[in-house]
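Engineer: here's my sequence, what's the structure:
(chains A, B, C and D)
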Protein chains: 4
Amino acid sequence: MVRPADSKLRAAVLAATGMVGQRYVSMLSNHPFFLVTVVTGQSSVGRKYGQATASTNLPISEETKRLTVKATSPDSLDNVDVVFSPLPTEIAKTQEPQLARAGLRVITDASPHRMDSLVPLIVPEVNPDHLEILERQRRARKWKGLLVATPNCTAAGLALVLKPIHDALGLKRVVVSTLQAVSGAGYPGVPSLDIIDNVIPYVKEEEEKIETEPLKMLGEVGNGRIAPAKFEIGAMVHRVATTDGHLESLYLETEDRFEPEKVARILSKFRGEPQKLKLPTAPKEPIIVTRLEGRPQPKLDRYAGTVPGMSVVVGRIRKGFDSKSGRLTLLSHNTIRGAAGSTILTAELMYKKGLLS
Amino acid sequence: MVRPADSKLRAAVLAATGMVGQRYVSMLSNHPFFLVTVVTGQSSVGRKYGQATASTNLPISEETKRLTVKATSPDSLDNVDVVFSPLPTEIAKTQEPQLARAGLRVITDASPHRMDSLVPLIVPEVNPDHLEILERQRRARKWKGLLVATPNCTAAGLALVLKPIHDALGLKRVVVSTLQAVSGAGYPGVPSLDIIDNVIPYVKEEEEKIETEPLKMLGEVGNGRIAPAKFEIGAMVHRVATTDGHLESLYLETEDRFEPEKVARILSKFRGEPQKLKLPTAPKEPIIVTRLEGRPQPKLDRYAGTVPGMSVVVGRIRKGFDSKSGRLTLLSHNTIRGAAGSTILTAELMYKKGLLS
Amino acid sequence: MVRPADSKLRAAVLAATGMVGQRYVSMLSNHPFFLVTVVTGQSSVGRKYGQATASTNLPISEETKRLTVKATSPDSLDNVDVVFSPLPTEIAKTQEPQLARAGLRVITDASPHRMDSLVPLIVPEVNPDHLEILERQRRARKWKGLLVATPNCTAAGLALVLKPIHDALGLKRVVVSTLQAVSGAGYPGVPSLDIIDNVIPYVKEEEEKIETEPLKMLGEVGNGRIAPAKFEIGAMVHRVATTDGHLESLYLETEDRFEPEKVARILSKFRGEPQKLKLPTAPKEPIIVTRLEGRPQPKLDRYAGTVPGMSVVVGRIRKGFDSKSGRLTLLSHNTIRGAAGSTILTAELMYKKGLLS
Amino acid sequence: MVRPADSKLRAAVLAATGMVGQRYVSMLSNHPFFLVTVVTGQSSVGRKYGQATASTNLPISEETKRLTVKATSPDSLDNVDVVFSPLPTEIAKTQEPQLARAGLRVITDASPHRMDSLVPLIVPEVNPDHLEILERQRRARKWKGLLVATPNCTAAGLALVLKPIHDALGLKRVVVSTLQAVSGAGYPGVPSLDIIDNVIPYVKEEEEKIETEPLKMLGEVGNGRIAPAKFEIGAMVHRVATTDGHLESLYLETEDRFEPEKVARILSKFRGEPQKLKLPTAPKEPIIVTRLEGRPQPKLDRYAGTVPGMSVVVGRIRKGFDSKSGRLTLLSHNTIRGAAGSTILTAELMYKKGLLS
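Structural biologist: Sure, this is the predicted structure:
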């Protein structure tokens, strides 16, 4: 088993020709810890990766472009240290456990295993300690590899913003109304006839995910078990005609007084383990607070911060019905902070903790 | 003072060359009660109305096209029975009371006088009884005419949907998140650079209106005074890239149990005085409940019902956090039910009640 | 074989649950000549038509909603007088000749047979005389039924505008640049990610159709043969973010002098056989000339005229490089004048000529 | 008169708070030749530049943000070496000659003086030699400073692509159909109500500019006079719902044979003086030829190349009516290659030629 010359870990990206898959490959180009050595796909097996993705314009290293797209199977992934999986739901359901059983370390942003009590669901700034249940996972499932999950694209930004508020004020109830970009539905995804001059107040199975995943992530871990956080989330989702960037407006009820200025301070000062470890994909500020009128906005703010697409931008922090409630709006890049970026950041964290070798 | 041949009341439309003004004129074409005899404007004074509005495509009667645009002043409105006013805020503030003092009966959808305790704020299906404060208005203000207001474009649809729920279940709290069409900002209004591939989580002074106006409308009237309804509304507004139709997603807390099927029945059975009086602009169903997935949608539902743009469409009625809370989404045409249509319906109601002659 | 009570012809709409299929069914609701007695589909076979199309909002008669969707085959079409076919290309290729052989009278807007020298390609105002080749079609193909085609959605409006100009001035060369609506690609069609904040300067196989079909339609017929018109068309196509209405800007070189005012007169005075016969779907003016600045525009003009979607609107008629060249812009509704509407108008013409019974 | 420490020339940006003005300032941040020392504006005079432009997100150096916005007048521009002017048309008309007379070296992308026979109209790759007429300008106008112009945003990309084709094949006629981004109309510019689900086949005075400016730029200079190129251009312009990037589809007639492969080679090999001089804002390839299907596209290609927004991307090079005609589509970033970028590149060229000191 040969290591890459510079001792980087060998990484595979599954479904690498898809929209999120390409985002992974692009973000892993010239990555200090990982080298993409395998890309898999379904319809492009046997083609060069560069050809299979020629029509898009994300920057991809020449080395990766020359890789041949392989089928997604344990055989293709033989010598790989970490597997990034944005597989479609149905395929992920059966295939990811197979890969973990076969010894592969899989980090997925597919949905089927997120709420599995033996699978850590990670936003690295929020709950890095949840990785400790991997030990129980290994024992209980008898997997040689492991499976770690990244949350739903809307839940990722939401959990990140709720974390410091919950820690400081104690959350009781959260009503979240989302305005989600079409890239959240993948490609081809939302037909243009459905969204030009229109809004769709529905995304299949999305509200359930938003209402449960953050509670798992903000839960406490102990003895290899996660006790979900005790507050409630109610979601009202909408698809709108933006390309990238999910906007979420929150109504919050808290145990302690919700003072907008104080909340702004708490959010903008928040740092997590990725910041402390100075992980390559960690933005300096995971949460950027803007005081500009009418912000955040997808077009203007989705790439804000030191690592484009990884910072969540929060604005319009203001009072709610009473002294213990408030409102705010957040913007989170759905295919970066909400998918590829979060997963890579999790991999970086696991690398530093020695969980990938 | 000469009546039109067929005894219709003579109507003036102020700011008639603007976007909402044209909507008024179009809806009043061939109206059974009213005949537009005066149109006023600012930049087009002296031109034929048909020429001043040539570039738009709302249907307008040939008779009205031949009217000459006049300046907005009591002189221009000499023989007029009813004045429809979509004047800009600053002008409405001073000019509407002047017109009322001069003896004119003014129905306005401008904002400045909506929360005046002596001005009835009417959605005809919601609070036709509030017109009784006109008597106190006349005495207190010593106006020969009168001033009646129509609510904010977002508040109109909201109040209409809250009314039957409040009557049946008792509202405690409402969190409303809006996705508002660009026509709500008038013309030229929202620059295209601001809204293509974007969402703006802010509309100036909109949240205040949404949080107060429905409480006045759902309040009880007695002794010429309105006691506002006692529940709370919290708004989170957004501008999106739709042309017409404001979508509003509501989280509701109620005194009594919120059972989705029951709420659907209550809403779809709701009828108001305009329906009983069979007023010309009254839709058969003021609220249409849809059970189609992902509906209502602006493009598909904004003209639903028997009077295009006058019915509010409600969908996704579902549970909230507990048995006494729920969620739903409504769609209301902002320049018809939210402006011209509501005002004309109010005028029709006042005509039937003998308040315009 | 039982006729409908009121002696209407029995009509079938194939692929009736698709976007264009629904447009057919809607336009045939309450049609004076035709009664839809059969609707076919692929994925909805066995369901009620009203249920299979519940999510759209074109008006459809209650009677038709109760029809059960059948499979597309000669058996399903047993007692039908005329078949409207918006079948997908590959299926149309083999199935339409089978239906014609089986005795059915098929009018199609699918592409495969349009350039067949034995199939008349009809825009009723342009070349009603081409129907005479049906006799040769019957003899040569030995079909008991018949097959007539409607042109490509872009070619339909183009041929209609070129016809009177060619007759009056003689065309030499036409360069046409199109801005085509997403509905031209059917549903789901163009992914929203491809068209928000974007333009695609390409539509598969479209330029070939635009460059050949109008020449066939403007050709002369004699002895059952069509001699194509002798001028040249060069197309540059673009897909843009509009829902309905193809805009086409033309640069024209003519044998005789191109005088804009004269061309405007020729176009606005143009009437075809459908107008003379007062066919139900014939607009009073097949071509509407607008002199408003910056017009025609899809949003404002696509439903202009007496039969919504059937008139082509022409504007910006102006000089070209020299006295024998000119420019103009036309707008044509692609799913009505460019598909369902033209085909129904052809059927009406054939009905009047006794070709459907 | 004090030079900046590192001997950079001092630059002023007029109308610096406008959309194009901000593009200038951003592109001049950390520029090796120029240091912005003065920014002027109209409504923001006296405010800090950083505050006046806080709501946008172009990167601007901290140093520039601290500049105070001044009024546009010779007094404000006292010690400045070069003035970049994106002034509004009417103001540019009178003010730019005043500044030149007062000794300032003005490079403008405003339109009024572009066709002045004494003002060089420059795209640096196309006609750097035209700068020689500056000498005649100085003598004839008796200006102590000078005035150089940059072409219309659509004409810039067009001239760049026509140049190598004209040199190689000789142009006879060009029909150009444009699909222009809304940023071309400035801010607030195009109202969103006019462009959502719409296309406008008109931009005021645009066609005239496109038809004349490239002929001046491709003309020959001698004895301080420019003889315009002898071919003809006919334009058909359209505004579409894209934010940035003008797409232009061309039909070309040439003296010599138009062979698509050869034209592709000629275009992709084209280099101009900016490339030879390795000017900071010169892209390695001024023209990038793409062979991908359906390209170029605004969203995917507007920032292609080594200097984002400065390369024009050409695709779909194909045959025309005969061997001496052809078609192609080009994409040019309208506020960079079509405005700020071209002007800065011109300034860099003039700096190298010693015309700015």
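Engineer: kindly check the end-to-end length of stretch A:67-76 for me.
Structural biologist: Stretch A:67-76 has an end-to-end distance of 12 Å (criterion: CA to CA, to the nearest Å).
Engineer: who does A:L328 bridge with?
Structural biologist: Beta bridges link A:L328 to A:L250, judged by DSSP bridges.
Engineer: typo on my end, A:V221
Structural biologist: Here A:V221, judged by DSSP bridges, has bridge partners A:I226.
Engineer: that one touches A:L134, doesn't it?
Structural biologist: No. Contact criterion CB atoms under 8 Å: A:V221 and A:L134 do not qualify, at 11.0 Å. Yep, even glycine has a C-beta here, placed from its N, CA and C like the rest.
Engineer: looking at the two, which is more packed in?
Structural biologist: Shown here are A:V221 and A:L134; by other CB atoms under 10 Å in any protein chain shown, A:L134 has more neighbours (21 against 15).
Engineer: dihedrals phi and psi, the more buried one?
Structural biologist: Phi and psi for A:L134, reported as degrees, to the nearest 10, are phi -60, psi -30.
Engineer: show me what contacts it?
Structural biologist: A:L134 is in contact with A:120, A:146, A:148, A:355, counting by CB atoms under 8 Å, 6 or more residues apart in numbering or on different chains.
Engineer: three-state assignment of the third one?
Structural biologist: By that I understand A:V148. With DSSP: H, G, I helix; E, B strand; the rest coil as the basis, A:V148 sits in strand.
Engineer: tell me the spacing between it and chain D.
Structural biologist: 33 Å (CB to the nearest CB, to the nearest Å).
Engineer: dig out what that residue forms beta bridges with.
Structural biologist: Assigned bridge partners for A:V148, using DSSP bridges, are A:I107.
Engineer: correct me, but it touches A:P124?
Structural biologist: No. The pair A:V148 / A:P124 is not scored as a contact, 10.6 Å apart, by CB under 8 Å.
Engineer: overlap in contacts, those two.
Structural biologist: Contacts common to A:V148 and A:P124, judged by CB under 8 Å, 6+ apart, are A:T346.
Engineer: nearest spatial neighbour of A:R291, skipping sequence neighbours?
Structural biologist: Closest residue to A:R291 apart from its sequence neighbours, by CB to CB, 6 or more residues apart in numbering or on different chains: A:G315 at 7.2 Å.
Engineer: same question but for A:P280, I mixed them up
Structural biologist: Leaving out its chain neighbours, the residue that sits closest to A:P280 by CB to CB, 6+ apart is A:P32, at 5.4 Å.
Engineer: tell me if the one you found really is in a strand.
Structural biologist: No. Assignment of A:P32 by three-state DSSP gives coil, placing it outside any strand.
Engineer: I figured it hits A:L9, correct?
Structural biologist: No. Here A:P32 lies out of contact with A:L9, judged by CB under 8 Å, at a distance of 10.5 Å.
Engineer: now for the residue of the stretch 251-357 of chain A found nearest chain D, how many residues are close by?
Structural biologist: Here the stretch 251-357 of chain A gets closest to chain D at one residue, A:L300, 4.9 Å apart by CB to the nearest CB. A count of nearby residues for A:L300, using other CB under 10 Å, gives 21.
Engineer: A:E207 now?
Structural biologist: Around A:E207 there are 21 residues (other CB under 10 Å).
Engineer: confidence score at it?
Structural biologist: At A:E207, the predicted lDDT confidence score is 98.
Engineer: try A:T56
Structural biologist: 81.
Engineer: quick one: it from C:T56, how far?
Structural biologist: 32 Å (CB to CB, to the nearest Å).
Engineer: ok, now A:K230?
Structural biologist: Distance from A:K230 to C:T56, by CB to CB: 44 Å.
Engineer: same question, A:Q42
Structural biologist: For A:Q42 relative to C:T56 (CB to CB), the value is 32 Å.
Engineer: repeat for A:I336
Structural biologist: 35 Å.
Engineer: which of these two has more residues huddled nearby?
Structural biologist: A:I336 (27 against 15).
Engineer: now do the contacts for that one.
Structural biologist: A:I336 neighbours (CB under 8 Å, 6+ apart): A:23, A:27, A:308-310, A:342.
Engineer: okay if I get those as TSV plus neighbour count, pLDDT and secondary structure?
Structural biologist: As requested, these are exported to TSV (neighbours: other CB atoms under 10 Å in any protein chain shown; pLDDT from 0 to 100; DSSP: H, G, I helix; E, B strand; the rest coil):
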residue	neighbour count	pLDDT	secondary structure
A:R23	25	94	helix
A:M27	27	95	helix
A:P308	14	97	coil
A:G309	24	98	coil
A:M310	26	98	coil
A:S342	28	96	helix
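Engineer: which pair of those residues spans the longest distance?
Structural biologist: Maximum pairwise distance among those (CB to CB): 13.9 Å, between A:P308 and A:S342.
Engineer: the lengthiest helix in chain A and chain B in contact?
Structural biologist: Ranked by residue count, the top helix of chain A under DSSP state H comes out as helix A:153-169. No. Helix A:153-169 lies out of reach of chain B by CB under 8 Å from any CB of the partner chain, never closer than 14.1 Å.
Engineer: who does that helix touch, helix- and strand-wise?
Structural biologist: Packing partners of helix A:153-169 (3 or more CB pairs under 8 Å, 6 or more residues apart in numbering or on different chains; DSSP states H and E): strand A:171-179, helix A:206-217, strand A:246-254, helix A:260-269, strand A:287-289, strand A:312-319, strand A:325-332.
Engineer: state the mean pLDDT of it.
Structural biologist: For helix A:153-169, mean pLDDT rounds to 98.
Engineer: just the C-alpha atoms of it, please, in CSV.
Structural biologist: Listed next in CSV are the C-alpha coordinates belonging to helix A:153-169 (Å, rounded to 0.1, in the frame of the first residue of the first chain):
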residue,chain,number,x,y,z
CYS,A,153,-28.1,21.5,4.0
THR,A,154,-30.6,23.7,5.8
ALA,A,155,-30.0,22.1,9.2
ALA,A,156,-26.2,22.7,9.0
GLY,A,157,-26.4,26.5,9.1
LEU,A,158,-29.2,26.4,11.5
ALA,A,159,-27.4,24.2,14.0
LEU,A,160,-24.3,26.4,13.8
VAL,A,161,-26.3,29.5,14.7
LEU,A,162,-28.4,27.8,17.3
LYS,A,163,-25.4,26.4,19.2
PRO,A,164,-24.0,29.5,20.8
ILE,A,165,-27.5,30.9,21.5
HIS,A,166,-28.6,27.7,23.1
ASP,A,167,-25.4,27.6,25.2
ALA,A,168,-25.8,31.2,26.3
LEU,A,169,-29.6,31.6,26.6
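Engineer: check which residues of it are buried.
Structural biologist: A:153-166, A:168-169 (16 or more other CB atoms under 10 Å in any protein chain shown).
Engineer: also stretch A:342-357?
Structural biologist: A:342-352, A:355-356.
Engineer: now do it: everything it contacts.
Structural biologist: A:9, A:11, A:24, A:27-28, A:31, A:33-34, A:81-82, A:84, A:86, A:105, A:107-109, A:122-124, A:128, A:131, A:134, A:146, A:148, A:150-151, A:156, A:273-274, A:277, A:279-282, A:310, A:336.
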